[in-house]
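K.L.:
Kindly generate the corresponding structure for this input.
(one chain, ligands or ions: 2)
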Amino acid sequence: MSIYGDYIKSVIRTVPDWPQAGVNFRDITPLLQNSAAFRKLVDSFVHRYQEMDLDAIAAIDARGFIIGAPLAYELGCSFVPVRKKGKLPFRTISETYTLEYGEAEVELHSDAFKQGDRILIVDDLIATGGTMLAAAKLITRSGGRVIETATIVDLPDLGGSQRIREAGYGVFAVCAFTEDE
Ligand SMILES: O=P(O)(O)OC[C@H]1O[C@H](OP(=O)(O)OP(=O)(O)O)[C@H](O)[C@@H]1O
Ligand SMILES: Nc1ncnc2[nH]cnc12
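P.N.:
Numbers count the residues shown, from 1 in each chain. Ligands and ions are numbered 1, 2, ... in the order given. Predicted coordinates:
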C-alpha cells in the first residue's frame, strides 16, 4: 500500500457482475474524475520512482496509458506503449495471455528500448497477472531490464501479483481489494 493508498481506494468504485456474472469490476473512472485524487495517484508513483533512474515507462493498453503518460512526463523518461494486437505500425514482437475474462495478445515495437534500459511497467490493475507477465516477457525479450511492475489496484485473491513475484519481478500496488470488498 502506498502513501495515499487508503484514500485512492476510497474513490474506486466496484461494479458487481460486469462485464460478466461473478466479476467485481474495479472502476477507476471516479478516481480520474476527481482531480485531487488523480494528482495524489500520480504523486504516489512519482514518490516511489523518482530516484530509480528509469529510462522508460512501458504502459499497457489502454488503462495503463492513463497513469503511464503523466508519470513519464514527471520523471523525465520516455513513454513506450505495450499495445493490444494489431495497433502498432512498425516491426513488433508479441505475447499471448489469458485474462480474468477472455484471451488477448500484446505487442511491442522491436526498437522500443536499448539493451539494458531500465524499464518500469505500469497498468491500472493486476488480476490474474497474465497481462503484466506478458508485458514483462516482451520487454525482457527486447533487451530491456524490468526494474519493477506497478499498478493502481491489486486483486491479490486472483493470484496475479504472487505469480508476477514468483516470476522474479517486483510488484508495487497503490491499493488492493479482496474479493469480499
Ligand atoms: O491481470 P490480468 O488478469 O491480466 O488483468 C488485468 C488487465 O485487464 C484489464 O485490461 P483489459 O484487457 O480489460 O483492457 P483495457 O485496459 O483496454 O480496458 C486491466 O486494465 C489490465 O490490463
Ligand atoms: N476485476 C477487474 N476490474 C477491473 N479491471 C479488470 N481487469 C481484469 N479484471 C478486472
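K.L.:
Now do the contacts for the residue at minimal distance from the centre of the chain.
P.N.:
Geometric centre of the chain, nearest residue: residue 123, 1.5 Å, by Cα atoms, centre = their mean. By Cβ atoms under 8 Å, 6 or more residues apart in numbering, the contact list for residue 123 reads 59, 60, 63, 64, 131, 132, 135, 149, 150, 151. Any C-beta I mention is one placed from the backbone N, CA and C, and that applies to glycine too.
K.L.:
Which of those residues has the largest number of neighbours?
P.N.:
Highest neighbour count within those: residue 132, with 31 neighbours (other Cβ atoms under 10 Å).
K.L.:
got the residues of this protein near ligand 1?
P.N.:
60-63, 99-100, 104, 123-132, 160 (Cβ under 6 Å from any ligand atom).
K.L.:
Narrow the residues you listed to those that are buried.
P.N.:
Buried members of those, scored by 16 or more other Cβ atoms under 10 Å, are 60-61, 63, 100, 123-132, 160.
K.L.:
which one in those is the model shakiest on?
P.N.:
Looking at these by pLDDT, the weakest one is residue 100, with 63.
K.L.:
Let me see the backbone angles for the residue of the chain positioned farthest from its centre.
P.N.:
Taking Cα atoms, centre = their mean, the residue of the chain most remote from its mean C-alpha position is residue 21, at 24.3 Å. With angles defined as degrees, to the nearest 10, residue 21 sits at phi -50, psi 140.
K.L.:
Would you agree residue 31 is in contact with residue 10?
P.N.:
No: using Cβ atoms under 8 Å, residue 31 is not in contact with residue 10; the gap is 9.3 Å.
K.L.:
ok, back up a step: among the contacts of residue 123, name the ones in strands.
P.N.:
Per DSSP state E, strands hold the following members of the contacts of residue 123: 59, 60, 149, 150, 151.
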